[in-house]
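In: just a sequence and a predicted model for now, questions to come.
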Amino acid sequence: MTLGCPKNAVDSDKVTGSLLADGLAEVDDAGVADVIVVNTCAFVEAARQESIDTILALADAKHDHARLVVTGCMAERHGDELAAALPEVDAVVGFQGEAALGEVALGLPTLRSRESATSRPVGVRDLLELPRSAPRAPWAYVKVAEGCDRACAFCAIPSFRGKQVSRLPEAILAESRSLVEQGVSELVLVAQDLAWYGRDTGEPGSLAPLLRQLDGLSSEGLQRVRLLYLYPSEVKDPLLSTMLELPTVVPYFDLSLQHASRPLLARMKRWGSGDIFSEFIARIRSVRPEAAFRSSFIVGFPGETESDHEALLEFLGEVRLDWAGFFPYSREEGTAAAALDGIVADELMHDRLSECSAVQDPITAAARDALVGSTIEVLIDTVDDEGVLVGRSHREAPEIDGVVRIRGDAVFARPGAMVSARVLDALGPDLDAEPIAVVTDAPVEVRP
C-alpha cells in the first residue's frame, strides 16, 4: 500500500521489485497476503493520520500469521514513536532498510544476504538504482533525484530525505528504456526539486540534456514525457526552451508556487511573487497557448494577513490556472515556521480555503468547458468493463487531474495507444469525447 506523493510510488515500485527478487509473489487481497507493506507519508499532519488509519485498517484485514511492515517517510521520521504506539505492526523499517526489506524486516534468506556487505543495497538512495516491478499502466513515474537542498520554512523533507543526490543520466535512461520496452508510453519525471537536477554534481541545467536523451526513446515507443514539481525560479533556459521545443515533452507546467504575496513568500523562505509568476505564465502562453498550468498553495501560513490572502485571490483570478490545490498550513516540528508567531486561527484558515476554492473552481470548470468541440489527442490508460476508453490529454497528469472518457465503437484501442478524439462535454474535471482515429497504436500491451 502506497500513500503520499508520486515520489513515494517510485520507492514502492523498487521495494516491490526487491521483494519479488527475494522470491515473494504479489497478491491483490490483503486478507490472503503473508506480508503487507505500507509505504507511509509524513509530509503534513493529515498525511500522517491517513497513514495511521491505513495501518490500522490493514491490521484488522490481515490473517493471523501475516506480517505487517511499515516503511517510508513516517517510519523514517517517527520510527520509534510509531513502533511504540502501534503494537499491531510487526516491523518499522526506515530508509536504511528499504532497499533490502525482505532481509531486514522479514529475515528472508536472500541472495543479497549472501553477498558481501559492501555490495548490499542500503538506504533510499540505493533503492533508486534497484530494478522495479513491472508497470501496471502505460505511464510510469521516474525519480531522477532524491532529497532536497532548499530550506523552505514549512517543509521538513530535507531533515529526513537529506540533501539532493542526482542519479546518473545513464541510469535514468536505462530505467526509462526498460519501462518503454514493457509498454510505457508516458514517462513522468519526479523529484523533490526536479529542475534542480544535476546541481549537486556540479552540472546545473542538466535536466535539459536529459530530456533530449529521453526524447530519443520516441523511436522505441515513448510518446510523452511529463515533468512534475518544478521550482519556478529554475524553469528558465535551457530547460524552458527544451520543454517547449521537444515533441515528446508535453506543455504541462506543474509549478511549486505556494503563494502570491511577496512578503509571505519571503517569510516562507521562498522565491518569487505574484507579479513574477503572472509574467512568466503569460510568456509561456504567448508561445504555447495550449499549455496547461497546475500549482498548489498553502493557506494560513503563520503571519498571513488579509492583504496577503487578497493578493492570492487576485492572482488566481488574473492568471487562471488550469488546476490548483489549496492546503491548510500544517505545523511541522523542526521547521523554521514552527517557531513563527502570527498563527492563523483554524476557523479563519478554513474560511480562506473556501474563498480560494470559490475563485478557482469556476476557472477550472471554464477551462474544461472551453475544450468542448475541440479535437484532442488522448493517451489511453485503460479500457473499462463497458469498453469505454479512459485516458488523458497533455492537460491531465495521471492520478492528479481529470480524465478523458472516449465512448463509441468506431475506434478500438488498447492501453498505450494515442487516440484522436472530439470533446463532447465537460463533467466536472473530466471530459466526455467521441473517437476519431487511432494516431499511434500501443507497441506493447501493459500487464494490468
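Out: Yes, it's here.
In: any idea how the chain splits into domains?
Out: Using automatic domain parsing, the domains assigned to the chain come out as 6-124, 132-369, 375-440.
In: these: which one's closest to Val446?
Out: Closest to Val446 of the domains of the chain, according to C-beta to C-beta: domain 132-369, at 4.0 Å. C-beta coordinates here come from the backbone N, C-alpha and C atoms, glycine included.
In: now that closest one, how far from the centre of its chain.
Out: Chain-centre distance of domain 132-369: 10 Å, with C-alpha atoms, centre = their mean, to the nearest Å.
In: end-to-end on that domain?
Out: Length of domain 132-369, first residue to last, C-alpha to C-alpha, to the nearest Å: 39 Å.
In: so what's Ile172 closest to, chain neighbours aside?
Out: Leaving aside its sequence neighbours, Ile172 sits nearest to Val144 (C-beta to C-beta, 6 or more residues apart in numbering; 5.5 Å).
In: over to Val250?
Out: Counting by C-beta to C-beta, 6+ apart, Val250 lies nearest to His394, which is 3.9 Å off, once chain neighbours are set aside.
In: where do the strands sit along the stretch 251-400 of the chain?
Out: All strands of the stretch 251-400 of the chain, identified by DSSP state E, counting those that start in this stretch, fall at 252-258, 292-299, 323-328, 375-383, 389-392.
In: send me stretch 380-392 as PDB with only the CA atoms.
Out: Output in PDB follows, covering the C-alpha atoms of stretch 380-392 (Å, rounded to 0.1, in the frame of the first residue of the first chain):
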ATOM      1  CA  ILE A 380      -5.300   5.600 -23.400                       C
ATOM      2  CA  ASP A 381      -4.600   4.400 -19.800                       C
ATOM      3  CA  THR A 382      -7.300   1.700 -19.500                       C
ATOM      4  CA  VAL A 383     -10.400   0.300 -21.000                       C
ATOM      5  CA  ASP A 384     -13.300  -0.100 -18.500                       C
ATOM      6  CA  ASP A 385     -15.700  -3.000 -18.300                       C
ATOM      7  CA  GLU A 386     -18.100  -1.300 -20.700                       C
ATOM      8  CA  GLY A 387     -15.500  -0.800 -23.300                       C
ATOM      9  CA  VAL A 388     -15.100   2.900 -22.600                       C
ATOM     10  CA  LEU A 389     -11.500   4.200 -23.300                       C
ATOM     11  CA  VAL A 390     -10.200   6.200 -20.300                       C
ATOM     12  CA  GLY A 391      -7.200   8.300 -20.800                       C
ATOM     13  CA  ARG A 392      -5.600  11.800 -20.700                       C
END
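In: circling back to that earlier point, for Lys269, which of the strands of the stretch 251-400 of the chain is the nearest?
Out: Closest approach to Lys269 among those (C-beta to C-beta): strand 252-258, 10.4 Å.
In: count the residues that sit near Gly23.
Out: Using other C-beta atoms under 10 Å, Gly23 is surrounded by 11 other residues.
In: tell me where the model's unsure across the protein.
Out: Along the chain, the model assigns pLDDT under 70 to residues 104-105, 108-124, 409-411, 443-445, 447-448.
In: what sits against the closest residue to Ser273 other than its chain neighbours?
Out: Spatially, and ignoring its direct neighbours in sequence, Ser273 is nearest to Arg262 (3.9 Å; C-beta to C-beta, 6+ apart). Neighbouring residues of Arg262 by C-beta atoms under 8 Å, 6 or more residues apart in numbering: 272-274.
In: correct me if wrong: Ala365 contacts Leu431.
Out: No: using C-beta atoms under 8 Å, Ala365 is not in contact with Leu431, being 11.8 Å away.
In: compare neighbour counts for these two and give me the winner.
Out: Neighbour comparison, Ala365 and Leu431: the larger count goes to Leu431, with 27 against 13 (by other C-beta under 10 Å).
In: quick one, what contacts that one?
Out: 368, 371, 376, 393, 402-405, 423, 425.
In: picking that back up, state the distance from the residue nearest to Ser273 to Ser233.
Out: To Ser233, Arg262 is 13 Å away according to C-beta to C-beta, to the nearest Å.
In: Ser241 - how many residues pack around it?
Out: So Ser241, with other C-beta under 10 Å, has 12 neighbours.
In: go on, Phe280?
Out: Using other C-beta under 10 Å, Phe280 has 21 neighbouring residues.
In: so what's it up against?
Out: Residues near Phe280 by C-beta under 8 Å, 6+ apart: 232, 235.
In: how about a cut-off of 10 Å?
Out: 232-233, 235-236, 240, 253, 255, 257, 272, 293, 319 (C-beta atoms under 10 Å, 6 or more residues apart in numbering).
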